[in-house]
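[1] Next come a sequence and a model predicted from it.
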Amino acid sequence: MTTTQSSTDDDRPASGAPAGGGARRRAVVVGGGLAGTTAALALADAGMQVTLTEARPRLGGLAFSFKRGALSVDNGQHVFLRCCTAYQWFLDRIAARDLVTLQERLEVPVVDADTGRAGRLSRAALPVPLHLAASLARYPHLSLRERASVGRAALALRGLDLDDPALDRTDFGSWLAARGQSDRTIEALWDLVGVATLNATAGEASLGLAAKVFKTGLLSDPGAADIGWASAPLGDLHHGRATAALEAAGVTVLLRTRASAIDGEGGQRQVTVETGPGRAEQLAADTVVLAVPQREAHALLPEGAVKEPEKLLRIGTAPILNVHVIYDRQVLDQPFVAAVGSPVQWIFDRTASSGLTGGGQYVAVSQSAVQDEIDLPVATLRDRYLPEIARVLPAARGAEVRDFFVTRERTATFAPAPGVGALRPGPVTGDPCLFLAGAWTATGWPATMESAVRSGLQASREALSTLGLPYDNGVLEAA
C-alpha cells in the first residue's frame with residue numbers, strides 16, 4: 001500500500017470544520033480515476049480532511065500509461081475538445097496544462113483508403129454554423145448532394161432540445177436516415193466524429209447523447225471542436241501531476257487499497273478497505289463519494305441508497321482497441337489522420353510522447369465500437385491492420401515493422417445505447433452521506449474524460465451542500 005499525505009495537513013485552515021469549531025469534516029473518496037481525483041481535490045479545497053482509495057497501484061482510471069521496455073505506452077488514445085471546460089479546469093488544477101497540445105483551429109485530415117484521396121474537416125473564423133460551411137463544401141468524400149443534405153441535418157440537430165427525454169429513446173442512425181443522410185454520409189462524416197466520441201456507431205447510439213456531442217462540439221461556438229491531446233504519457237498527467245496536486249491539497253492517497261463495504265448510520269459512515277491479503281481496516285467519514293464503475297458501485301451500495309439499483313447493471317459497456325506499430329521510418333507527417341473506406345478509424349503519431357529514440361516512428365490506431373474484434377488474437381489483428389494502415393498511409397508500404405502490439409479495454413466506456421439516459425443516476429443517493437461519481441453517471445455527456453471530471457465536481461458540490469460547507473468552484477456554472 002502506498003500512502004501519501006501532506007506534512008502540513010494539520011496546519012491548513014479548518015474551513016471544513018463545523019460551525020463553532022471542532023474537528024474537520026472527513027471524506028472518503030473510493031476510486032482514483034478522473035472522477036475520484038476531481039472529487040477529492042474539490043472536497044479538500046473546501047477544507048475537508050480527505051482520503052482517496054484506489055485498488056490499482058496508480059491513479060488515472062482507464063486513462064493511464066505503462067512501460068514497454070524503454071517506451072511509455074498510453075493504454076489508449078484519449079483526446080479532448082476545447083468545449084471540454086471541466087477537463088481543462090482539471091488540467092489547470094493539477095498543473096498539467098504544459099503537458100497537452102490544443103489546436104489553434106480545428107483541422108482533421110481524412111483519407112479515403114479506397115481512392116487514396118485526402119480531404120480535411122476544418123473551421124473558418126466565422127460564426128456558427130458558417131464556420132464549417134466552406135470545409136463541408138470542399139469535402140471530397142461526399143457528393144454535392146450529400147454535402148447539401150448535411151447542412152439540413154445539422155440545422156435540424158441544432159434545433160433539438162437536449163432536455164427532451166424522447167431523444168434518449170431514439171437511435172441516432174434512424175434519425176439521420178429520416179433526414180436524408182445516406183449510408184456514405186453517415187460513414188464519412190457523422191460516424192467519423194460520433195464513433196470516436198460516443199464509442200458506438202450512429203445506429204447503436206442514443207440520439208440524446210449524439211445531439212450533445214454535435215450540438216456542443218460543432219454547433220455551439222466556432223472553436224468548440226478544436227482538438228486537444230496529451231503530449232506526454234497519460235500517466236505523467238493523471239497519476240504524476242494528480243498525485244502532486246493531491247499531496248499539496250493534504251489528501252491521503254491509499255493505492256492498492258480496495259473498498260469492500262460501506263456501513264454506518266446517522267451522520268457517520270465506515271468504509272472497509274482491504275490493504276492486502278487478510279488485512280482490512282475501516283475509514284471513518286462524514287461523507288463518501290463512490291467513484292468506481294457501475295458494477296463495482298452496485299456491489300458497494302448500502303441497501304436503500306439507490307432506488308432500483310439493478311438499473312446500474314443494465315448500463316452496458318463498450319470496448320476500445322488500440323493497435324500500436326513502430327516503423328523503421330516516418331510514415332505519418334501530421335499528429336493524426338482519420339480514415340474512411342477502411343476498418344482503420346484514427347491513426348495518431350505517438351513517437352515523441354512515448355520517448356521513442358533512435359529513428360523510426362510509433363503510431364497508434366485507435367478503434368472504438370469494436371465488439372467483434374476486441375478478443376481477436378494479436379496475429380489476426382496484425383494481418384488485418386498492417387495492410388490497412390498501408391492503404392491509408394502510403395509511406396508505410398515499404399517500411400519495416402519493428403514492433404507490433406495491442407492494448408484492449410473491454411469495458412472502456414458505458415454503452416451509449418438508446419435508453420441509457422434513464423438508467424444513469426445522478427450524484428445524490430438516498431443515503432445523505434453517500435454520493436456517486438463516474439463518467440457513467442448522469443452528466444449529460446457520453447463516457448469521456450469531460451464526463452468523468454464533471455461527475456466528480458457534481459458529487460463534491462452536492463456533498464458540500466449537504467454538509468453546509470461552501471462550494472467555491474464555479475466551473476460547472478461557467479461551463
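    Yep, that arrived.

[2] Give me the buried positions along stretch 410-419.
    For stretch 410-419, a neighbour-count test (16 or more other Cβ atoms under 10 Å) marks Thr411, Ala412, Thr413, Phe414, Ala415, Pro416, Ala417, Pro418 as buried. Any C-beta I mention is one placed from the backbone N, CA and C, and that applies to glycine too.

[3] End to end on it, go ahead and measure it.
    From its first residue to its last, stretch 410-419 covers 21 Å (Cα to Cα, to the nearest Å).

[4] Stretch 117-135 too?
    Across its full length, stretch 117-135 reaches 15 Å between end residues, using Cα to Cα.

[5] Quick check: mean pLDDT of it?
    In this model, stretch 117-135 carries a mean pLDDT of 94.

[6] cool, stretch 143-160 as well?
    The predicted model assigns stretch 143-160 a mean pLDDT of 96.

[7] And the strands in the stretch 301-450 of the chain?
    With strands called from DSSP state E, counting those that start in this stretch, the stretch 301-450 of the chain shows them at 317-327, 336-340, 346-349, 361-368, 401-414, 434-436.

[8] and for the fifth one, what are the contacting residues?
    Right, the one you point to is strand 401-414. Strand 401-414 is contacted by residues 62, 68, 73, 75-76, 199, 293-294, 315-328, 360, 368, 374-375, 378, 381-382, 386, 420, 424, 439-440, 446-447 when judged by Cβ atoms under 8 Å, 6 or more residues apart in numbering.

[9] redo that, cut-off 6 Å
    Contacts of strand 401-414 with the rest of the structure, by Cβ atoms under 6 Å, 6 or more residues apart in numbering, involve 62, 75, 199, 315, 317-326, 328, 374, 378, 381-382, 440, 447.

[10] Quick one, grab the pLDDT at Ala23.
    76.

[11] Can you classify it as helix, strand or coil?
    Here Ala23 takes the coil state, with states given by DSSP: H, G, I helix; E, B strand; the rest coil.

[12] can I get the CA coordinates of the longest helix seen in the chain in PDB?
    In the chain, assigned by DSSP state H, the helix with the most residues is helix 449-467. Coordinates of the C-alpha atoms in helix 449-467 are reproduced here as PDB (Å, rounded to 0.1, in the frame of the first residue of the first chain):
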ATOM      1  CA  MET A 449     -12.800  12.500 -19.600                       C
ATOM      2  CA  GLU A 450     -15.000  15.500 -19.600                       C
ATOM      3  CA  SER A 451     -17.900  13.500 -18.200                       C
ATOM      4  CA  ALA A 452     -15.700  12.000 -15.500                       C
ATOM      5  CA  VAL A 453     -14.400  15.300 -14.300                       C
ATOM      6  CA  ARG A 454     -17.900  16.800 -14.300                       C
ATOM      7  CA  SER A 455     -19.200  13.900 -12.300                       C
ATOM      8  CA  GLY A 456     -16.600  14.500  -9.600                       C
ATOM      9  CA  LEU A 457     -17.400  18.200  -9.400                       C
ATOM     10  CA  GLN A 458     -21.200  17.400  -9.200                       C
ATOM     11  CA  ALA A 459     -20.700  14.900  -6.500                       C
ATOM     12  CA  SER A 460     -18.400  17.100  -4.400                       C
ATOM     13  CA  ARG A 461     -20.800  20.100  -4.800                       C
ATOM     14  CA  GLU A 462     -23.700  18.000  -3.500                       C
ATOM     15  CA  ALA A 463     -21.700  16.600  -0.700                       C
ATOM     16  CA  LEU A 464     -20.500  20.000   0.500                       C
ATOM     17  CA  SER A 465     -24.000  21.400   0.100                       C
ATOM     18  CA  THR A 466     -25.400  18.600   2.300                       C
ATOM     19  CA  LEU A 467     -22.800  19.400   5.000                       C
END
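
[13] buried residues in it?
    Of the residues in helix 449-467, those scored as buried under the neighbour-count criterion (16+ other Cβ under 10 Å) are 449-464, 467.

[14] Enumerate every residue touching Arg329.
    Arg329 makes contacts with Ala399, as judged by Cβ under 6 Å, 6+ apart.

[15] What score does it have for pLDDT?
    98.

[16] Over to Trp175?
    pLDDT for Trp175: 98.

[17] Kindly confirm my reading that it is in a helix.
    Yes: per three-state DSSP, Trp175 lies within a helix segment.

[18] I figured it hits Leu207, correct?
    Yes: counting by Cβ atoms under 6 Å, Trp175 does reach Leu207; the two are 5.1 Å apart.

[19] Settle it for me: which of those two has more neighbours?
    For Trp175 versus Leu207, the count of surrounding residues by other Cβ atoms under 10 Å is larger for Leu207: 23 against 20.

[20] Give me the distance between the residue lying closest to that one once chain neighbours are set aside and Phe435.
    In this structure, Leu207 finds its nearest non-sequential neighbour in Thr170, 4.2 Å apart by Cβ to Cβ, 6 or more residues apart in numbering. Counting by Cβ to Cβ, to the nearest Å, the gap from Thr170 to Phe435 is 31 Å.

[21] on that earlier part again, save the strands of the stretch 301-450 of the chain as CSV, and put in distance to Cys84 too.
    As requested, the strands of the stretch 301-450 of the chain are exported to CSV (distance: least, Cβ to Cβ, whole Å):
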stretch, distance to Cys84
strand 317-327, 18
strand 336-340, 17
strand 346-349, 17
strand 361-368, 17
strand 401-414, 15
strand 434-436, 21
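
[22] Which of the ones you listed has the highest mean neighbour count?
    strand 434-436 (a mean of 28; mean count of other Cβ atoms under 10 Å).

[23] list the helices and strands that one packs on?
    In terms of contact count using 3 or more Cβ pairs under 6 Å, 6 or more residues apart in numbering; DSSP states H and E, strand 434-436 is assigned the packing partners strand 287-290, helix 449-467.

[24] Contacts for that strand, please.
    Taking Cβ under 6 Å, 6+ apart as the criterion, the residues outside strand 434-436 that touch it are Val288, Val289, Leu290, Ala305, Pro425, Pro427, Ala459, Glu462, Ala463.

[25] Looking at the residues you listed, spot the one nearest Arg147.
    If you rank those by distance to Arg147 using Cβ to Cβ, Pro425 comes first, at 41.1 Å.
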